[in-house]
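[1] Kindly return the folded structure for what I paste below:
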Amino acid sequence: MTNPNSAENLDGRKWSESNWEEDYLNTKQRLSQFQIKLLKEGPSSFSGSLYLGVIKRQWLKMRGLYTPEPEPPNCQSSFSEWNNNAKQLEQNNE
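    Numbers count the residues shown, from 1 in each chain. Model prediction:
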């Protein structure tokens, strides 16, 4: 069974999610100097780390590995629902 987080580039070199920065640098996509510095040296600020996360998401989409997070369940209720449940429990206890 093959690891879904690793494969081969078109030029035959191996890549995996552990060296995604190098793989992203070798794409044909045009990168700005800031993006290149960020991928080579890492982030130096909070906003840089957020932007690096955006770049990684682009890489995951490019490789077909991106899976969006599922919607959180709706756990919202109103006071009237709670009050009705409390009344029912009270009636059941009597």
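[2] Let's verify the spatially most central residue of the chain: helix, strand, or coil?
    Central residue of the chain (CA atoms, centre = their mean): residue 57, 6.1 Å from the mean position. Three-state assignment for residue 57 (DSSP: H, G, I helix; E, B strand; the rest coil): helix.
[3] Then residue 69?
    coil.
[4] What about it, how many residues nearby?
    Counted with other CB atoms under 10 Å, residues neighbouring residue 69 total 5. C-beta here means a position set from N, CA and C on the backbone, and glycine is covered the same way.
[5] do the one 4 residues further on as well
    Neighbouring residues of residue 73 were enumerated by other CB under 10 Å; the total is 6.
[6] quick one: it and residue 82, what's the gap?
    18 Å (CB to CB, to the nearest Å).
[7] related to what we said a few turns ago, make sure the residue nearest to the centre of the chain is actually in contact with residue 66.
    Yes - between residue 57 and residue 66 there is a contact under CB atoms under 8 Å: 6.4 Å.
[8] Can you mark which positions in stretch 58-70 are buried?
    Of all the residues in stretch 58-70, those buried under the rule 16 or more other CB atoms under 10 Å are 59, 63.
[9] how long is that stretch end to end?
    Criterion CA to CA, to the nearest Å; first-to-last residue distance in stretch 58-70 is 18 Å.
[10] And that stretch, how far out from the chain middle?
    7 Å (CA atoms, centre = their mean, to the nearest Å).
[11] So for it, mean pLDDT?
    Regarding stretch 58-70, the rounded mean pLDDT is 88.
[12] and what of stretch 37-50?
    Mean predicted confidence for stretch 37-50 is 94.
[13] Repeat that for stretch 82-94.
    Stretch 82-94 comes out at a mean pLDDT of 87.
[14] I am finished for the moment; much appreciated.
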